[in-house]
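Asker: sequence first, then the predicted structure:
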Amino acid sequence: MKIYFSTAKARQFDLNTKMMKYNYILTIFLIFSANAIAQNVILNDNFEEDNFNLISDSDNFKVSIDSKGLILENNHEKNAKWKLIDLNKELDFVDFDVEAKITLIKSDSEKSGYGLVWACYNDYSNYHVVSLNEAKKNLIYWNHNKKYTYDLNWTENDNIKSKRENTIKVSRRAQNVTIYINDEEVLKTNNTAYYGDKFGFILDSKMTIKVTNLKITEFPLSVDVVDNFDASLKVEKLPETISSENYTEKNPVIALDGKTLYFDRQFCDLNIEDAEKSDAWFSVLENDEWSIAQNMGRPINNKEHNFVISVSPDNNRLLVGNTYAVDGINSKGSGVSITYRKEDGWEIPKEIKIKDYVNKNEYVGYFLANDNMHLLMSVERKEGFGSNDIYVSFLEKDGSWSKPSNLGNIVNTSEPEENPFLASDGKTLYFSSKGHPGYGGYDLFVTKRLDDTWLNWSKPKNLGNRINTSKSELSIFLSAKGDIAYLGRGKDLYKIKNTVKQEPVVLIKGKVYDSKTGKVISAPIFYNDLTTSKELGLANSEPKEGNYSIVLPTGEKYSFMAEKEGYYGISENIDLSELEDYKEIMIDLYLDPIEKGQTIRLNNIFFASGEYSLLTESNAELDKLMKILSENKELKIEIIGHTDATGEDNDNLILSKNRANTVMDFLLSEGVAKERLTAKGYGEKKFIAPNDTEEGKQQNRRVEFKIIKM
């Protein structure tokens, strides 16, 4: 999600040799030609003439041009001087090289500095300098609003020539800047986030220097932008009811149905003791308008900084920052916690335990995937590639989380990767990074998971300069539909149309009921791959209204059901193998009480048409029935087969008996005692739906079991 602050500090071929040589030469030629076409020399001055009106003489600072080049003489007793050239050209969204050839003529002190000023802007109050001195040292710094930042303090460099010509080169490629002196790299940094259009030379008092050439070359910005980037997109600030004038709002987290927005609000004195801390707030979308934001109150908000990290598809589970004391008021320290919705609000968040958890960085980010079985995190560990990397931890059977596993060097770089957000398809990963080519500090990127190892990813692509700027973009959040992205910038919250194509999903919503009483029930909900029976995720229905939601990516067949002690969950199934667009479906789930006389439908028992051999898709349902029989040793059941009205009556009767016997034979093969089981077929005698539609026929073709004895 975002950078969070903890309570401590809340970051084949076969060719002969001749052909191989030919291809090599051709490749080199093509690379050379492409570079020649791509680059554009925008300035190349040997200062044989005064092309930029540089000649001047005032305040003990004289600038002149002679056969030697551009001469700068600073005779001031104490002040440094400079002379700048205004290109009147934006360089924020291009790459460039700046190269200057400078010779020290004289100096009052070998410690006095001279050099290149580059990318100066904003009335000369923001600029960058590469400085040398006679003592063979170099200094690299930048000034932003009169605040100096030193990327490299005075450092010895034997490659510097004391009173001979030195070449200083600054090369910008995306957000990375490399400094060379006499063709030797002295610094590579991504600590630069702004680029002005003024370039020139600086020298300390009582110095004279000569400049024989200044060359500036621009290149297309080396940022690999998403394929369907739309330069016409507009970033819209969210309404005043959420993104206010008086407070600072950050880190928007949208629920999967797009109707509830959680965010952090700072510098607000409502229900808090420290006016400078942050609280978690929320707003609800009603009739296409966002409601006035509300503080989430206790226990989500306590005495420390509080924030929502991610929300489950059912909106009944939140991942929140930090850890909570049992009183719900105080904090136990940094970490991450989870809370569930109760009838009267949220329970006190409980700390998540991650095996071998280590973070050597002061910053950390988390995201809980929609399946509630994969926890992504941004941490710094010894097995990483540098600063913060993105890792994944897997939910284990005992409820703990596995040792974090690094996503690999396609996603992670030597620079920080932060704030993972996994879209609803479970494959499309958004994250913030300083290491991949971008426009500024941190940029937002997207990549896709290619298999289930969590190590193979597509090449990350930049989301483009409508979302990313010369500053830092740290987090992005999308609903299940994925059409709108929510961003935090500065002190406000924004939204923008999302053009990154994700695999479509289905948002299934409904309620969980006791089938006998009709009352709503709070229960866990599990969903599986119908073919393999592999468990893919879990959810919970909330206790007050019984509402649940799950998200299922397209391309597969699924089964899902609610589970609760004392009940048999009626499984539902859905085929999403052909779905191409986002869809929302309402399906209520029912729990049948396990009691004498109760007849329970086995929805996910499948046979080939007109046959009675079980299909593999039946495995999950059969395993569930076996579990009930294993847990209830006195349970005796009758397995009942039914058909629709298609075909001859006698054929249908035989088919229904054979299908019931097939299910019984499976249970017997698994060790269930024969005296606990009987089987019977009714053919087309007991319809539960009309037979004039395919949907009705499907309901009538069914296998049930009746509880004979408890």
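Answerer: The structure has been received and is ready for your questions. Numbers count the residues shown, from 1 in each chain.
Asker: so what's Y4 scoring on pLDDT?
Answerer: On pLDDT, Y4 comes in at 33.
Asker: the one 3 residues further on too?
Answerer: The model reports T7 with a pLDDT of 30.
Asker: also N213?
Answerer: Reading off the model, N213 has pLDDT 97.
Asker: please apply the same query to S331.
Answerer: S331 is given a pLDDT of 87.
Asker: likewise L450?
Answerer: Here the pLDDT value assigned to L450 is 95.
Asker: same question for I496.
Answerer: 95.
Asker: can you check V320 too?
Answerer: For V320, pLDDT reads 96.
Asker: can you tell me the helix or strand for it?
Answerer: For V320, the host element (DSSP states H and E) is strand 317-324.
Asker: which SSE is immediately downstream of that strand?
Answerer: Using DSSP H and E, the helix or strand that follows strand 317-324 in sequence is strand 331-342.
Asker: now that following strand against strand 317-324, angle please.
Answerer: Going by axes from the mean of the first three to the mean of the last three CA atoms, to 10 degrees, strand 331-342 is angled at 160 degrees with respect to strand 317-324.
Asker: C-terminal to strand 331-342, what's the next element?
Answerer: Following strand 331-342 in sequence, per DSSP H and E, is strand 345-346.
Asker: mind listing the strands the helix or strand following that next one pairs with, and their directions?
Answerer: Downstream of strand 345-346, the first helix or strand assigned by DSSP H and E is strand 350-351. If you go by DSSP bridges, strand 350-351 pairs up with strand 331-342 (antiparallel).
Asker: how about residues contacting the strand it pairs with?
Answerer: 6-8, 10, 299-300, 302-304, 309, 315-325, 346-352, 364, 366, 368, 540, 542-543 (CB atoms under 8 Å, 6 or more residues apart in numbering). For the C-beta atoms, the positions are set from N, CA and C on the backbone; glycine is no exception.
Asker: mind doing that once more with 7 Å?
Answerer: Outside strand 331-342, the residues within contact range by CB atoms under 7 Å, 6 or more residues apart in numbering are 6-8, 300, 302-304, 309, 316-325, 346-347, 349-352, 366, 540, 542-543.
Asker: list the buried residues in it.
Answerer: 331, 334-341 (16 or more other CB atoms under 10 Å).
Asker: same check on stretch 213-229?
Answerer: In stretch 213-229, counting by 16+ other CB under 10 Å, buried: 213-219, 221, 223, 225-226, 229.
Asker: and it, how far out from the chain middle?
Answerer: Distance, stretch centre to chain centre, for stretch 213-229: 25 Å (CA atoms, centre = their mean, to the nearest Å).
Asker: returning to that earlier point: lowest-confidence member of the buried residues of stretch 213-229, which is it?
Answerer: The model is least sure about L221 among the buried residues of stretch 213-229, giving it 84.
Asker: so where's the protein uncertain?
Answerer: Residue ranges of the chain with pLDDT under 70: 1-38, 123, 193, 267-276.
Asker: what are the boundaries of the strands in the stretch 601-710 of the chain?
Answerer: 636-642, 677-681, 702-709 (DSSP state E, counting those that start in this stretch).
Asker: domain parsing for this protein?
Answerer: With domains defined by automatic domain parsing, the chain comprises 39-220, 236-497, 504-593, 594-710.
Asker: I'd guessed L629 sits against D623; true?
Answerer: No - assessed by CB atoms under 7 Å, L629 is found out of contact with D623, at 10.9 Å.
Asker: okay, the two: which has more neighbours?
Answerer: L629 (20 against 12; other CB atoms under 10 Å).
Asker: determine the number of other residues adjacent to A562.
Answerer: A562: 28 neighbours (other CB under 10 Å).
Asker: now do the one 4 residues further on
Answerer: Residue neighbour count, defined by other CB under 10 Å, stands at 9 for G566.
Asker: quickly run through the sheet partners of the strand holding V320, with directions.
Answerer: In the sheet, strand 317-324 lines up with strand 308-311 (antiparallel), strand 331-342 (antiparallel) (DSSP bridges).
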